[in-house]
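Participant: sequence and predicted structure, then a few things I'm wondering about:
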Amino acid sequence: MRLEFQRALSAAEERRDPSGRISVIKQAVFNELKAIDPTVQVRFTDYFNHTIAPDIVLQWPHESRRERFLFVRLQSTPEWLLNDLPFVAPHRPLVFTLGDLDIHTRGKSSGTARASLETESIAAGTWITDSSGTEAMSKSRAQGVALGLLGQAMVRGGKGVSDGNDIAALTTDTEAGFTEAGSPSSLNVTSAADTIRSAVETIESHLDDAQSGRLIRLLRAVWEGHGGDSALFPKTRDIGRLTADDLSYLLKSATEASVGFWYRIGRTLTTELLGQIRVEDPSASLQALVAGNLESLQAKGIRLRHEPFHVDEPEQQVPRWRVDRGCLTMRGLNWTAYIAAQTKEEFPSPDPISQVEVPDLETLRSRAAASVPITRIQFGRDDRAFTYESKDGRTILDVPELDAAVADLGVTEVSEATARLPGGGSVEIDFPTRTGAGPTNSRLPLGSLMRSILPLLGEFPSGELTELRSVLTDRLNPELPLVWGSTEPDKS
């Protein structure tokens, strides 16, 4: 029993008025659940220990299951709870006993009643627990993200009977499964699959379909993201991949996860999926997720738009990743770079041409000084245009004949260009719309695309370029080449 809960019960006993005593008990019970699921909200009812009316309504406004009833029970004997179960079971609730569950399991008759209660509560989708169960579950949150998510899932859709010993067994199996999924070995692939299968069976037996499906999809994402063979992953009731709702929930819940955790999750994610999530802005989790997967996420292109900074925006957190208009975006001071996942039609409309300063040759040279080779340039003036292109893939910005051609033809504005990325692939840039995208059906690594093309699309103060360099450094592969005036890897 958590010390805070013991103190709360002692404080309740000292209250002379029944309503005050009940209020203290209800708050103490809710605090037990809050320690497991920090995102849960509450509505206290006017009832206490009622047969069919809940004492507490647990709430999650953005979840598909928005509420779960909680019944507080003074009794904790298996026989009494078994008789009580038919009255509360239609709500698929959480039942919290003020007494300890484990002290009533001695003896053959009590053991039989406990086994029956376990079977019936699972069938009824009802989770019965006590303070030893919530204490064990809250302590497990410190052991890793997966166990933190397990605890939240139990509050939202747990089932069965769980005292502290039961929770210890549940968390041990779950943690072992996620550990094996995060480090599959060809030498022990059978053992790893068996451990994961045990974790899947444990999760499915303790959670309803919605919550077990979400946690198992996460387990599968870790397994496949770490190179595990999808064919060896155990068959489950839910065979789908992580959904936008799953990822939205994960980003909100796993706020203390490391970049390494998000790297393992991100191996199976797409830029298109990131554009579909619901996430608060700013989101530290989203920053870590994108930072850990800059080179695995693929994108069609980027579009830079002028968008004035709002007074209520966190100025100290720019540039930052966020989701806007169905796209993953990078938000800067008075600008937003939109990422198209698959097609250019995903971009919002460009800035009006009257607000865009199309670069001339010298401006382009300045922007590309430490960026990527420019292999083609198209100049435009009124209804005329001419193109200068490299045949061997080398940059043409330092070719002397280019200046002479520009002077002879009297053109200055660079309307289009083609840039070659360091790791391969090319990007076609349209300066009037400040857009860079891969040709035809090509898609490119997000990190390479942003590091190489974003500085070509607009003017950035040196201080902001420094911040961009930091944000766009691959944290797990810092030796990747950088741009914007530095040839040394950023060790920050």
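Facilitator: Nice, I can see it. Numbering: from 1, shown residues only.
Participant: which SSE is immediately downstream of the helix or strand F87 falls within?
Facilitator: Element membership for F87, per DSSP states H and E: helix 78-88. For helix 78-88, the following helix or strand on the C-terminal side (DSSP H and E) is strand 94-97.
Participant: can you tell me the average pLDDT over the helix holding F87?
Facilitator: Regarding helix 78-88, the rounded mean pLDDT is 94.
Participant: can you give me the buried ones in that helix?
Facilitator: With burial defined by 16 or more other C-beta atoms under 10 Å, the residues of helix 78-88 counted as buried are 78-82, 84-85, 88. Bear in mind the C-beta positions are built from the backbone N, C-alpha and C, glycine included.
Participant: tell me the helices in the stretch 51-200 of the chain, going along the chain?
Facilitator: With helices called from DSSP state H, counting those that start in this stretch, the stretch 51-200 of the chain shows them at 78-88, 108-123, 131-140, 145-157, 164-181, 189-206.
Participant: angle of the fifth one against helix 131-140?
Facilitator: With axes from the mean of the first three to the mean of the last three C-alpha atoms, to 10 degrees as the criterion, the two stretches helix 164-181 and helix 131-140 enclose an angle of 30 degrees.
Participant: who are the packing partners of helix 164-181?
Facilitator: helix 131-140, helix 145-157, helix 189-206, helix 209-225 (3 or more C-beta pairs under 8 Å, 6 or more residues apart in numbering; DSSP states H and E).
Participant: switch the cut-off to 10 Å
Facilitator: strand 127-129, helix 131-140, helix 145-157, strand 160-162, helix 189-206, helix 209-225 (3 or more C-beta pairs under 10 Å, 6 or more residues apart in numbering; DSSP states H and E).
Participant: so which of the ones you listed is the most packed in?
Facilitator: Looking across the helices and strands packed on helix 164-181 with neighbours counted as mean count of other C-beta atoms under 10 Å, the highest average goes to strand 127-129: a mean of 28.
Participant: returning to what we had before: helices and strands around the helix holding F87, which ones?
Facilitator: Partner elements for helix 78-88 (3+ C-beta pairs under 10 Å, 6+ apart): strand 67-73, strand 94-97, helix 108-123, strand 127-129.
Participant: for the worst-scoring helix or strand of the chain on mean pLDDT, buried residues please.
Facilitator: Ranked by mean pLDDT, DSSP states H and E, the helix or strand of the chain with the weakest confidence is helix 259-266, at a mean of 80. Neighbour-count burial for helix 259-266 flags 259, 261-266 (criterion: 16+ other C-beta under 10 Å).
Participant: save those as TSV, and put in distance to Q143 too.
Facilitator: As requested, the buried residues of helix 259-266 are exported to TSV (distance: C-beta to C-beta, whole Å):
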residue	distance to Q143
V259	19
F261	13
W262	18
Y263	19
R264	16
I265	18
G266	22
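Participant: that older thread, check which element follows the least confident helix or strand of the chain along the chain.
Facilitator: Helix 259-266 is succeeded, C-terminally, by helix 271-274 (DSSP H and E).
Participant: P359 is in contact with E459, correct?
Facilitator: Yes: using C-beta atoms under 10 Å, E459 is in contact with P359, at 8.8 Å.
Participant: what sits in contact with each of the two?
Facilitator: 366-367 (C-beta atoms under 10 Å, 6 or more residues apart in numbering).
Participant: settle it for me: which of those two has more neighbours?
Facilitator: P359 (22 against 12; other C-beta atoms under 10 Å).
Participant: which pLDDT value goes with that one?
Facilitator: 92.
Participant: enumerate every residue touching it.
Facilitator: With contact set as C-beta under 10 Å, 6+ apart, P359 has these partners: 365-368, 412-415, 417, 431, 456-459.
Participant: L147 too?
Facilitator: By C-beta under 10 Å, 6+ apart, the neighbours of L147 are 137, 139-141, 170-172, 174-175, 178.
Participant: for the residues you listed, which one is nearest V279?
Facilitator: R141 (21.3 Å; C-beta to C-beta).
Participant: can you give me the neighbour number for that closest one?
Facilitator: Neighbour count of R141, defined by other C-beta under 10 Å: 20.
Participant: circling back to that earlier point, let me know the closest of the buried residues of helix 259-266 to N31.
Facilitator: Nearest member of the buried residues of helix 259-266 to N31, counting by C-beta to C-beta, is F261, at 27.5 Å.
Participant: gap between the nearest residue to that closest one once chain neighbours are set aside and V222?
Facilitator: Counting by C-beta to C-beta, 6 or more residues apart in numbering, V145 is the residue found nearest to F261 once chain neighbours are left out, at 5.6 Å. From V145 across to V222, the span is 10 Å (C-beta to C-beta, to the nearest Å).
Participant: what of R451?
Facilitator: For R451, the distance to V222 - C-beta to C-beta - is 28 Å.
Participant: same deal with S354?
Facilitator: 50 Å.
Participant: hmm, back to that, can you list the helices of the stretch 51-200 of the chain in JSON lines and add distance to R21?
Facilitator: Shown next, in JSON lines, are these (distance: least, C-beta to C-beta, whole Å):
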{"stretch": "helix 78-88", "distance to R21": "22"}
{"stretch": "helix 108-123", "distance to R21": "28"}
{"stretch": "helix 131-140", "distance to R21": "17"}
{"stretch": "helix 145-157", "distance to R21": "25"}
{"stretch": "helix 164-181", "distance to R21": "26"}
{"stretch": "helix 189-206", "distance to R21": "33"}
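Participant: in the stretch 251-400 of the chain, where is pLDDT below threshold?
Facilitator: Within the stretch 251-400 of the chain, the segments meeting pLDDT under 70 span 315-316, 370-371, 381-382.
Participant: show me where it has strands.
Facilitator: 298-299, 301-306, 320-324, 327-332, 335-340, 374-381, 384-389 (DSSP state E, counting those that start in this stretch).
Participant: okay, now E313: neighbour count?
Facilitator: Around E313 there are 15 other residues, counting by other C-beta under 10 Å.
Participant: show me what contacts the closest residue to it other than its chain neighbours?
Facilitator: Nearest residue to E313, sequence neighbours excluded (C-beta to C-beta, 6+ apart): R331, at 7.8 Å. Contact partners of R331, counting by C-beta under 10 Å, 6+ apart, are 281-282, 307, 309, 313-314, 317-322, 324, 337.
Participant: so for the helix or strand L465 falls within, what gets flagged as buried?
Facilitator: Per DSSP H and E: L465 is located in helix 462-471. Of all the residues in helix 462-471, those buried under the rule 16+ other C-beta under 10 Å are 464-469, 471.
Participant: and that helix, what does it pack against?
Facilitator: Using 3+ C-beta pairs under 10 Å, 6+ apart: helix 462-471 touches helix 284-291, strand 320-324, strand 327-332, helix 446-457.
Participant: again, 8 Å this time
Facilitator: strand 327-332, helix 446-457.
Participant: tell me the angle it makes with helix 446-457.
Facilitator: 170 degrees.
Participant: quick revisit: the contacts of L147 into CSV, with extra columns for pLDDT and distance to P373?
Facilitator: Output for these, formatted as CSV (pLDDT from 0 to 100; distance: C-beta to C-beta, whole Å):
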residue, pLDDT, distance to P373
M137, 95, 56
K139, 92, 56
S140, 91, 52
R141, 86, 50
L170, 96, 56
T171, 96, 53
T172, 95, 55
T174, 94, 50
E175, 93, 49
F178, 89, 44
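Participant: let me have those in TSV, extended by distance to M154.
Facilitator: Below are those laid out as TSV (distance: C-beta to C-beta, whole Å):
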residue	distance to M154
M137	6
K139	14
S140	10
R141	11
L170	8
T171	10
T172	15
T174	11
E175	14
F178	16
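Participant: hmm, which two among the residues you listed are most spread apart?
Facilitator: K139 and F178, at 17.2 Å, using C-beta to C-beta across the contacts of L147.
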